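Peer 1: Need a 3D model of the following:
(one chain, ligands or ions: 1)
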Amino acid sequence: MNELREHKTKQKTVAFHTMGCRLNFSESGSISEGFVKRGYQIVDFGQRADVVFINTCTVTDGADSTCRNLIRKAYKSSPEGRIVVAGCYAQMEAPKIQKMTGVDLILGTSEKYKVFDYLAEEEGNLVKIDKTNEFWGAATTTADSHTRAFLKIQDGCNYICSFCIIPQARGRSRTIGIKEAVKLAQNLVEDGFKEIVLTGVNIGEYESTSGQKLSDLVKEIIQIPGLKRLRLSSVEPNTLNDELLSLLENSSKAMDHFHIPLQSGSDEILKSMRRKYDVAFYRELIHKIKRKFPHAAFGADIIVGYPGESEKQFNETYELLKELPITHFHVFPFSKRQKTTAAKLPEQIQGHEKKRRVKKMIELGEEKLAEFSQSMLGESFEVLFEKKNREGYFSGYTSNYLRVYVPSKEELKNKIRKVKLTDWREGKLYGEIIY
Ligand code: SF4
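Peer 2: Just a heads-up that it's a prediction; the model follows:
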């Protein structure tokens, strides 16, 4: 017993904090698995740990300052621990991070997987931000306590959207092969995951990068016995083709939830952003999908306050979003990212004006989500349950990405149940289990 206790107290610990996109979460999943394999115990971020791993994001100024706060917090909780700052912000702002107290290791987007090698090296302030074009496969693991598994199938981006720093932070597009993706997906299913979310920076580039069709990859993964649900993460509108849509339409495992970035509802702004579609194309795409999937939920990224965005152009975006059946808004104030074309544009919009537009857009998003949720009352969906709240309600997502709460004495985590949606109260959807 004493021996056991002694062994326990000696076990090394690691704490993680992951910011940003699902891709980062899938990568943290694989890295945390690597720590567990090496005998580490994962503890909550904020607890004292031997290693603190912060997987960062640099999509906006706000993300950057959150990263710096997290580094301060990590140092406060683990002054003796080794603090690793990895990912997109590390890639772009290594010199700034290097000046912060307590940081031991700065790893860029391609280097983060080698954290174990670098930790074994001498202590000190190491910076590793070389970029390679290698593809690192990654996926959520059971250690993350996620119920849905994020499987990384693509990384980087070859587009040159004027506002975006991702191609600089993550490099050019690269992908996993179909065979390898299927193997990783099989492992996830064997580990007990019922739902897989295919993830990447721009998964629509899968075919142009790998020469293999995304629809073929999806077809193979859908056939894996034991997999119950498949979701796609964000897909660029110009890449969501009919072949893929009809494949999804004909599979009971494919979820009727689409995240299709819009960014702006003004053709002039879309052109300046160098997006590869116009408003008419986007509108028609959403209607086409809605005809195929009548219960579908749509998510969209929206940038407000892009340089030169007039009140009229902002209103065009607002009206377009009001008109379309889009329910999950991801609203970002335009943020100047270094070395991007948009950062150099004249007519930058003032901060307070951006805030006003963000607020107005978020309010519209809330109204539309409430409206959509209420329109689904009386309908029944399969729900994959995730967690229990303090009031004793389990919650999980429907196929069309509505979080629903049900009272239950039974342990429902990672179980799928058919649920009838019965009530909408104070911004939450409630239901009862049918079977
Ligand atoms: S598609 Fe555009 S916005 Fe998306 S990652 Fe690529 S460059 Fe950035």
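
Peer 1: now the strands for the stretch 251-400 of the chain?
Peer 2: Under the criterion DSSP state E, counting those that start in this stretch, strands of the stretch 251-400 of the chain are mapped to 257-259, 297-304, 328-333, 380-388, 393-397.

Peer 1: same check, this time on the stretch 1-150 of the chain
Peer 2: Secondary structure of the stretch 1-150 of the chain, counting by DSSP E, counting those that start in this stretch: strands at 13-18, 41-43, 51-56, 82-87, 103-107, 126-128, 138-139, 148-152.

Peer 1: From the ligand, how far out is G308?
Peer 2: 18 Å (Cβ to the nearest ligand atom, to the nearest Å). For glycine as for every other residue, the C-beta is placed from the backbone atoms N, C-alpha and C.

Peer 1: If we ignore the residues flanking it in sequence, what's nearest that residue?
Peer 2: Leaving aside its sequence neighbours, G308 sits nearest to E347 (Cβ to Cβ, 6 or more residues apart in numbering; 4.1 Å).

Peer 1: Kindly list the main-chain dihedrals of that neighbour?
Peer 2: For E347, the backbone dihedrals are phi 60, psi 50 (criterion: degrees, to the nearest 10).

Peer 1: State the distance from it to S310.
Peer 2: 9 Å (Cβ to Cβ, to the nearest Å).

Peer 1: pLDDT below threshold where in the stretch 1-150 of the chain?
Peer 2: 1-9, 122-125, 131-132, 141-145 (pLDDT under 70).

Peer 1: Which parts of it are helices?
Peer 2: 2-10, 22-37, 61-77, 88-98, 115-120 (DSSP state H, counting those that start in this stretch).

Peer 1: Switch those over to JSON lines; also include distance to T317 and mean neighbour count.
Peer 2: Formatted as JSON lines, these follow (distance: least, Cβ to Cβ, whole Å; neighbours: other Cβ atoms under 10 Å):
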{"stretch": "helix 2-10", "distance to T317": "55", "mean neighbour count": "8"}
{"stretch": "helix 22-37", "distance to T317": "24", "mean neighbour count": "22"}
{"stretch": "helix 61-77", "distance to T317": "20", "mean neighbour count": "17"}
{"stretch": "helix 88-98", "distance to T317": "26", "mean neighbour count": "21"}
{"stretch": "helix 115-120", "distance to T317": "41", "mean neighbour count": "15"}
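
Peer 1: For these, give me JSON lines that also has distance to the ligand.
Peer 2: Converted to JSON lines, the helices of the stretch 1-150 of the chain look like this (distance: least, Cβ to the nearest ligand atom, whole Å):
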{"stretch": "helix 2-10", "distance to the ligand": "43"}
{"stretch": "helix 22-37", "distance to the ligand": "10"}
{"stretch": "helix 61-77", "distance to the ligand": "14"}
{"stretch": "helix 88-98", "distance to the ligand": "11"}
{"stretch": "helix 115-120", "distance to the ligand": "24"}
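
Peer 1: Skipping adjacent residues, who's closest to the residue of the stretch 251-400 of the chain found nearest the ligand in space?
Peer 2: Closest contact between the stretch 251-400 of the chain and the ligand, by Cβ to the nearest ligand atom, is at P261 (6.8 Å). Excluding the flanking residues, the one nearest P261 by Cβ to Cβ, 6+ apart is D301, at 4.1 Å.

Peer 1: Could you give the number of residues near that neighbour?
Peer 2: D301 sits with 15 neighbouring residues when counted by other Cβ atoms under 10 Å.

Peer 1: pretty sure it contacts L262?
Peer 2: Yes - counting by Cβ atoms under 8 Å, L262 is a contact partner of D301 at 6.7 Å.

Peer 1: Which residues of the stretch 151-300 of the chain lie near the ligand?
Peer 2: C157, Y159, C161, C164, I166, P167, V201, N202, E236 (Cβ under 6 Å from any ligand atom).

Peer 1: of all the residues you listed, which comes closest to S266?
Peer 2: Set against S266, the nearest of those by Cβ to Cβ is C161 (15.0 Å).

Peer 1: Got phi/psi on that closest one?
Peer 2: Backbone geometry at C161, expressed as degrees, to the nearest 10, gives phi -60, psi 140.

Peer 1: My guess is it contacts R275. True?
Peer 2: Yes - using Cβ under 8 Å, C161 is in contact with R275, at 6.4 Å.

Peer 1: any residues in contact with both of the two?
Peer 2: Q263 (Cβ atoms under 8 Å, 6 or more residues apart in numbering).

Peer 1: and H295, what does it touch?
Peer 2: Applying Cβ under 8 Å, 6+ apart, we find H295 in contact with D256, M376, E379, S399, N400.

Peer 1: sorry, back to before: so which of the strands of the stretch 1-150 of the chain is nearest Y393?
Peer 2: strand 148-152 (19.0 Å).

Peer 1: mind exporting the closest one as CSV, just the C-alpha atoms?
Peer 2: As requested, the backbone C-alpha atoms of strand 148-152 are provided in CSV (Å, rounded to 0.1, in the frame of the first residue of the first chain):
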residue,chain,number,x,y,z
ARG,A,148,-17.3,13.4,-29.9
ALA,A,149,-14.0,12.5,-31.4
PHE,A,150,-12.3,15.1,-33.6
LEU,A,151,-10.3,13.4,-36.3
LYS,A,152,-7.8,15.5,-38.2
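
Peer 1: Could you tell me which strands sit next to it in the sheet, and their orientation?
Peer 2: The pairing partners recorded for strand 148-152 under DSSP bridges are strand 138-139 (antiparallel), strand 195-199 (parallel).

Peer 1: what about S234, neighbour count?
Peer 2: Residues near S234, counting by other Cβ under 10 Å: 21.

Peer 1: Show me what the closest residue to it other than its chain neighbours is bridged to.
Peer 2: Excluding its sequence neighbours, the residue lying closest to S234 (Cβ to Cβ, 6+ apart) is H259, at 4.3 Å. Beta-bridge pairing for H259 (DSSP bridges): G299.

Peer 1: mind listing what H259 touches?
Peer 2: Listed by Cβ under 8 Å, 6+ apart, the contact set of H259 reads L232, S233, S234, V235, F298, G299, A300, D301, H328.

Peer 1: Out of those residues, which is nearest to K413?
Peer 2: S233 (22.5 Å).

Peer 1: And the contacts of stretch 223-231?
Peer 2: For stretch 223-231, using Cβ under 8 Å, 6+ apart, the contacting residues are 148, 182, 185-186, 189-190, 194-198, 218, 221-222, 251, 253-255, 257, 384, 399, 416.
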